[in-house]
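In: My questions are about this predicted structure, shown below with the sequence.
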Amino acid sequence: METATFEKLCDILKTAWSTRERRGPTGISLKKALYLTIWKLANQCSFRDVGDRFNFGRGTTYRVFIKTTRLLANLKRQIIKFPSTEISQRKTMKLLEACRAHPFPFVLGCVDGTHIRIPQTSTGGKSYYNRKGTSSIVLQAVADRELFTDAFVGYPGRCHDALVWQNSPLKRAIVKKHYSLSTGRSPFG
């Protein structure tokens, strides 16, 4: 992660960190908590190893990690937003159309899945074993030209992208017509 990205993330989380109820670990700066959490997520090591690196006990490390992870998860609702109004959908369609020499018309985003490596699990290990020979969970993301507009994670690595899409909240929202999808055409002709 680049320093500028880290600083921007700190700025976004600053208000939630300071106004949050003070339970559990006290006196831990947001930056240190974010470093700890990113290190844990990136290195898949034990809470004891992370605690040793950041000079915390295992319990404190766990509580800081959970608190910070919850704050990051809440960002999904604030930052990652699927274009739900007709105006925002048309804007997205025009941006995507403008960035290609031979574009598909009326595209709201590009969907793809990727695998996030995890340690081999003791239960259900075969379902997490993917086609590349590692244990993983699947992350499905939708992006427009500028931002991610949806993210869905958690299916075992063995699952095909099509199965993940079939069970994603975005697909369910579209089918149940929670999003009224624009055709991109003007109602005035």
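Out: Thanks, I have the structure now.
In: Could you break this structure into its assigned domains?
Out: Taking automatic domain parsing as the domain assignment, the record places the domains of the chain at 3-79, 86-175.
In: Any idea how far the shortest one is from the middle of the chain?
Out: Computed by Cα atoms, centre = their mean, to the nearest Å, the separation of domain 3-79 from the middle of its chain amounts to 16 Å.
In: Same check on stretch 171-186?
Out: With Cα atoms, centre = their mean as the basis, the distance from the averaged C-alpha position of stretch 171-186 to the chain average is 22 Å.
In: Next: stretch 112-119.
Out: When distances are taken as Cα atoms, centre = their mean, stretch 112-119 is centred 12 Å away from the chain's centroid.
In: in it, what counts as buried?
Out: Judged by neighbour count using 16 or more other Cβ atoms under 10 Å, the buried positions of stretch 112-119 are 113, 115. Backbone N, C-alpha and C define where each C-beta goes, glycine included.
In: Spit out the contact partners of the closest residue in space to T37 that isn't next to it in sequence.
Out: If the residues on either side of it in the chain are set aside, T37 comes closest to T68, at 4.1 Å by Cβ to Cβ, 6 or more residues apart in numbering. By Cβ atoms under 8 Å, 6 or more residues apart in numbering, the residues touching T68 are 33-34, 36-37.
In: for V142, phi and psi?
Out: Dihedral angles phi and psi of V142 (degrees, to the nearest 10) take the values phi -120, psi 130.
In: now swap in T134 and tell me
Out: On the backbone of T134 - angles per degrees, to the nearest 10 - the values are phi -120, psi 160.
In: Can I get stretch 146-155 in CSV? Just the C-alpha atoms.
Out: What follows is stretch 146-155, C-alpha atoms only, in CSV (Å, rounded to 0.1, in the frame of the first residue of the first chain):
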residue,chain,number,x,y,z
GLU,A,146,-12.7,5.2,-11.5
LEU,A,147,-13.8,3.2,-8.5
PHE,A,148,-15.0,-0.1,-7.2
THR,A,149,-18.8,-0.1,-7.1
ASP,A,150,-19.4,-3.4,-5.4
ALA,A,151,-17.4,-6.1,-3.5
PHE,A,152,-18.4,-9.5,-2.3
VAL,A,153,-16.1,-11.9,-0.5
GLY,A,154,-16.2,-15.2,1.3
TYR,A,155,-17.0,-18.1,-1.0
